[in-house]
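J.: Got a sequence here, can you build the structure:
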Amino acid sequence: MIFDVLPRHQIVPAAAARLPSGTTIQRAFYLLALQQLILSGGITTVRAFSSSSNNINNMPPVQPIQPVEDQESVWDYPRPPRVEAVPENLRIVFNGVEIANTNQAYRVLETSHPPTYYIPKQDVQMQFLQPVPGRSTYCEFKGQASYYSVRVGDKVADSCAWCYPSATSRFAPIQDYLSFYASKMDACYVGDEKVQAQAGDFYGGWITSKIVGPFKGGAGTWGW
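T.: Purely as a prediction, here's the structure:
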């Protein structure tokens with residue numbers, strides 16, 4: 001059952017009232033993120049769900065995969081996220097052209113997500129990138145993001161990269177760096193390994209053999 005749309009000042013208490021005392025940390029993250037968006041004015045109304053099969057409180061507990069030697073579990077990543085330098089070389093190929101190659105990248109690590117990689121613009125073939133007018137999103141941790149499309153020859157990938165022109169102080173190292181959706185590129189590499197794209201069309205994590213999940217992004221994982 002879906003309740004009526006609620007005004008902003010009623011959303012947080014109404015949602016909190018529907019969380020049972022046994023709510024897990026992962027499920028509480030959803031409410032916290034929602035609350036921060038609401039209080040910042042990012043959301044003015046939202047549909048509140050009852051305790052039905054669609055409610056986050058009925059989701060089964062997440063069972064993290066145990067990492068082996070030289071692997072990381074995304075469930076050991078922090079929240080708020082952490083930014084750190086990347087020792088490996090990164091490469092991105094689109095329509096037969098290497099559009100990025102860097103040894104100066106950073107990655108952002110956040111609970112349940114495969115890392116997102118950020119590349120300095122001087123290591124990107126910017127002649128192939130075009131800003132997307134009017135497209136932006138807001139991250140509670142990093143700030144406002146702007147987007148780029150890539151055109152190489154007659155092939156175009158719309159809104160396939162993003163950056164934070166005025167990143168928050170915690171994420172100053174990645175200010176104006178570019179991150180790419182691996183799903184929209186022909187190939188993205190960390191070292192010599194071709195990455196897999198994080199599921200879904202919102203997050204842009206890169207999956208390698210050095211990390212284990214399960215990973216947020218696919219159907220049924222939004223409450224993680």
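J.: measure stretch 168-188 end to end?
T.: Its start and end residues considered, stretch 168-188 measures 27 Å (C-alpha to C-alpha, to the nearest Å).
J.: should've said stretch 186-194
T.: 10 Å.
J.: Show me the contact partners of it.
T.: Contacts of stretch 186-194 with the rest of the structure, by C-beta atoms under 8 Å, 6 or more residues apart in numbering, involve 86, 88-96, 117, 180, 182, 195, 206, 208-209. The way it works is simple: take the backbone N, C-alpha and C, and place the C-beta from them, glycine included.
J.: try 7 Å
T.: 88-95, 180, 182, 195, 206, 208-209 (C-beta atoms under 7 Å, 6 or more residues apart in numbering).
J.: Ok, stretch 116-128 next?
T.: 86, 90, 99-102, 104-108, 150-152, 174, 176-179, 204-206.
J.: Make a ChimeraX selection of whichever of the residues you listed turn out to be buried.
T.: Here is the ChimeraX selection string for the buried members of the contacts of stretch 116-128, based on 16 or more other C-beta atoms under 10 Å:
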select :86,90,99,100,102,105,106,107,108,150,152,174,177,178,179,204,205,206
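J.: Among the contacts of stretch 116-128, which lie within strands?
T.: Secondary structure defined by DSSP state E assigns 90, 99-102, 106-108, 150-152, 179, 206 of the contacts of stretch 116-128 to strands.
J.: From those, pick the one nearest residue 165.
T.: residue 179 (13.0 Å; C-beta to C-beta).
J.: now the closest one, which residues is it bridged with?
T.: residue 162 (DSSP bridges).
J.: shaky segments in the chain?
T.: 1-60 (pLDDT under 70).
J.: so what's residue 84 up against?
T.: Per C-beta under 7 Å, 6+ apart, neighbours of residue 84: 106, 107, 109.
J.: Across the sheet, point out what pairs with the first one.
T.: Okay, so that is residue 106. The partner residues for residue 106, given DSSP bridges, come to residue 85, residue 118.
J.: what's the neighbour count on residue 215?
T.: When neighbours are counted by other C-beta atoms under 10 Å, residue 215 registers 22.
J.: try residue 165
T.: Neighbours around residue 165, by other C-beta under 10 Å: 11.
J.: and it, how far is that from residue 148?
T.: Distance, residue 165 to residue 148, by C-beta to C-beta, to the nearest Å: 12 Å.
J.: What of residue 67?
T.: 34 Å.
J.: These two: which has the busier surroundings?
T.: Each of residue 67 and residue 148 has its neighbours counted (other C-beta under 10 Å); residue 148 has more, 21 against 15.
J.: Tell me who's in contact with residue 206.
T.: 114, 115, 117, 182, 188, 190, 195.
J.: again, only this time at 8 Å
T.: Residue 206 touches 114, 115, 116, 117, 182, 188, 190, 195, 196, 197, 198, counting by C-beta under 8 Å, 6+ apart.
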